[in-house]
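Colleague: Got a predicted structure here, sequence first:
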Amino acid sequence: MTFGEKLQGLRQKAGLSQDTLAEQLEVSRQAVSRWERDETMPEPEKIVALADLFAVTTDYLLRRTEQWETPQQPSRERRSGRDIMDRLGYLAKTRGYLLGWILVVWGILDLVVLLLMCLGMTGVVSAFW
């Protein structure tokens with residue numbers, strides 16, 4: 001089986017449409033369609049995300065096989081502790097800029113609160129209220 005055949009089978013087995021899968025991976029539906037038709041291959045980050053989403057290994061997704069093999073599920077005991085850290089690491093790598101913006105907004109709010117406190121102590125704010 002090719003990568004595209006495996007991807008299509010896993011997607012259908014999970015009950016996902018191409019649109020839903022595309023939304024989760026932040027790609028277009030056409031990109032998913034091209035992957036399933038073996039016209040193109042996804043970026044390495046997307047392959048890892050697909051493996052995580054369908055709980056298979058990247059090795060399973062990428063190796064050609066003669067027939068449909070049911071992927072072996074990693075043991076839950078071993079994965080559970082690392083799973084959370086892996087997901088947080090993935091989010092930090094792919095969405096790290098959001099954390100930066102959150103910290104910037106938090107800093108601005110702190111400055112506004114500090115400014116209002118200082119103005120309140122000097123009586124400037126009480127003149128307006």
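Modeller: Received the coordinates, thanks. Numbering: from 1, shown residues only.

Colleague: What segments of this protein are helices?
Modeller: Along the chain, counting by DSSP state H, helices occupy 3-13, 18-25, 29-36, 44-54, 58-62, 76-122, 124-128.

Colleague: how about stretch 7-26: buried residues?
Modeller: Neighbour counts over stretch 7-26 (16 or more other Cβ atoms under 10 Å) mark 7-8, 10-11, 16, 18, 21-22, 25 as buried. Where you see a C-beta, it was placed from the backbone N, CA and C, and this is true even at glycine.

Colleague: can you list the weak-confidence ranges in this protein?
Modeller: Flagging of the chain using pLDDT under 70 yields the residue ranges 66-82, 88, 91, 123-129.

Colleague: Next, find the distance separating the closest residue to A31 other than its chain neighbours from A49.
Modeller: Computed as Cβ to Cβ, 6 or more residues apart in numbering, the closest residue to A31 that is not its neighbour in sequence is A22, at 6.6 Å. Using Cβ to Cβ, to the nearest Å, one gets 12 Å for the distance from A22 to A49.

Colleague: Likewise for R29?
Modeller: 16 Å.

Colleague: which one of the two has more residues nearby?
Modeller: When neighbours are counted by other Cβ atoms under 10 Å, R29 and A49 differ, and A49 comes out ahead with 18 against 14.

Colleague: Lovely, talk soon.
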